[in-house]
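Novice: dropping the sequence and predicted coords here.
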Amino acid sequence: MAATLAVVLAGFLHITFGISIFLAPRDGRCSPAPPVTSWIFSVAALLLAKDVTLYPKSYINLPYFFEFAVDTIGSLVMVELAVGVVWSSIEQLVHQVLRLILLFLGMKEETYFLLEFWLLLPITTAFSYI
């Protein structure tokens, strides 16, 4: 299990400051969905990083700083991959499918663009909890 403080630091760096060290951030956001859904998914990724043993047991005799650094960097990599690759792809897919379905069913584009944020809010939030 990763050190709790290391996972909290990785989450603080990624969620609060949006620091992305290992993946180049995309221009803008993945979709016009609210950012709260990516925060929920980030917390889930951090909880997963907390449960994974990142530091090998054979190096346990080294100073705690090394374990903390490995746990922090590993947690940051996991969160960046989870949010930057997995969640961004899911969010884009949901956005495009919703847009396709609603415009196919006859919703006017102007109406869709006015309500896009509010239409994406419950759907992407439900997907982020899965």
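Specialist: Nice, thanks for sending it over. Residues are numbered from 1 along each chain as shown.
Novice: and the gap between the residue most central in space within the chain and residue 20?
Specialist: Centroid-nearest residue in the chain: residue 83, 2.7 Å away (criterion: Cα atoms, centre = their mean). According to Cβ to Cβ, to the nearest Å, residue 83 and residue 20 sit 9 Å apart. From N, CA and C alone the C-beta is placed, and that goes for glycine too.
Novice: pretty sure residue 29 sits against residue 18.
Specialist: No. When contacts are counted by Cβ atoms under 8 Å, residue 29 is not listed as touching residue 18 (10.8 Å).
Novice: neighbour count winner among the two?
Specialist: residue 29 (14 against 9; other Cβ atoms under 10 Å).
Novice: residues contacting the more buried one?
Specialist: residue 35 (Cβ atoms under 8 Å, 6 or more residues apart in numbering).
Novice: and residue 128, what helix or strand is that in?
Specialist: For residue 128, the host element (DSSP states H and E) is helix 109-129.
Novice: and if you look at residue 101?
Specialist: helix 88-104.
Novice: and that helix, which residues are buried?
Specialist: 88, 90-91, 94-95, 98-99, 102 (16 or more other Cβ atoms under 10 Å).
Novice: mind checking what secondary structure the residue lying farthest from the centre of the chain has?
Specialist: Here the chain reaches farthest from its C-alpha mean at residue 61, the gap being 33.4 Å by Cα atoms, centre = their mean. Here residue 61 takes the coil state, with states given by DSSP: H, G, I helix; E, B strand; the rest coil.
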